[in-house]
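K.L.:
predicted model, plus sequence, below.
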Amino acid sequence: MPYIDMGPSRAEIFSYWKDSFRDIGIFIDWGEPSCWACGFHYGTKYDVKSADASWKTILGCWQKIPLQRCHIVPRSLGGSDGPSNRFLMCRECHDLQPNTPFPDIFFEWVRAQSHIGGESLQKWKKRCGVSELAKTSIENSTKSWNPRSSRLGSMAK
Ligand SMILES: [Zn+2]
């Protein structure tokens, strides 16, 4: 029989992790559902429209976005189906994620995928066509977040 994923819903997984993103070392905007690894944003139609949206509305947006409910530790390596072993990612990141029994290695990989870093930032900008304003704030945060970017910048001259 094919494996049917009866695990937690996206809204349940988001509820579980919503206060832990900072501990993991990533930034997730509750109002703009996007991939937890690369930050891929599927477009404003999934965004929370109002600043004072109810919790139910926010959960509804996370429930609708077509992110995959990835296992942090694969089932084949003994990972559970519960929300503590789930992470919402785009298809691309799901394909790339490390096959490891150690959550720490997974989270290290997640931080490395972050759209705040060099090449993937370019890719991300191209994919989503971010506005000038957003671009400026991303570039500013790149400068303060990523010491590599200044080195790459001077090499490019
Ligand atoms: Zn992704």
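P.N.:
Noted; the coordinates are in hand. Numbering: from 1, shown residues only.
K.L.:
how much space between Phe27 and Tyr42?
P.N.:
According to CB to CB, to the nearest Å, Phe27 and Tyr42 sit 17 Å apart. For glycine as for every other residue, the C-beta is placed from the backbone atoms N, C-alpha and C.
K.L.:
between these two, who's got more neighbours?
P.N.:
Taking other CB atoms under 10 Å, Phe27 and Tyr42 do not tie; Tyr42 has more neighbours (18 against 14).
K.L.:
near the ion, which residues of the protein?
P.N.:
Within reach of the ion by CB under 5 Å from the ion, the chain has these residues: Cys35, Ala37, Cys38, Phe40, Met89, Cys90, Cys93.
K.L.:
how does it look with 6 Å?
P.N.:
For the chain, the contact set with the ion under CB under 6 Å from the ion comprises Cys35, Ala37, Cys38, Phe40, Met89, Cys90, Glu92, Cys93.
K.L.:
which SS state does the last one fall under?
P.N.:
I take that to be Cys93. Three-state call for Cys93 (DSSP: H, G, I helix; E, B strand; the rest coil): helix.
K.L.:
circling back: among the residues of the chain next to the ion, which are located in strands?
P.N.:
Within those, residues falling in strands by DSSP state E are Met89.
K.L.:
can you put the residues of the chain next to the ion in a markdown table and add neighbour count and pLDDT?
P.N.:
A markdown table is the format used below for these (neighbours: other CB atoms under 10 Å; pLDDT from 0 to 100):
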| residue | neighbour count | pLDDT |
| --- | --- | --- |
| Cys35 | 26 | 96 |
| Ala37 | 27 | 96 |
| Cys38 | 22 | 93 |
| Phe40 | 21 | 92 |
| Met89 | 23 | 97 |
| Cys90 | 24 | 96 |
| Glu92 | 16 | 95 |
| Cys93 | 22 | 96 |
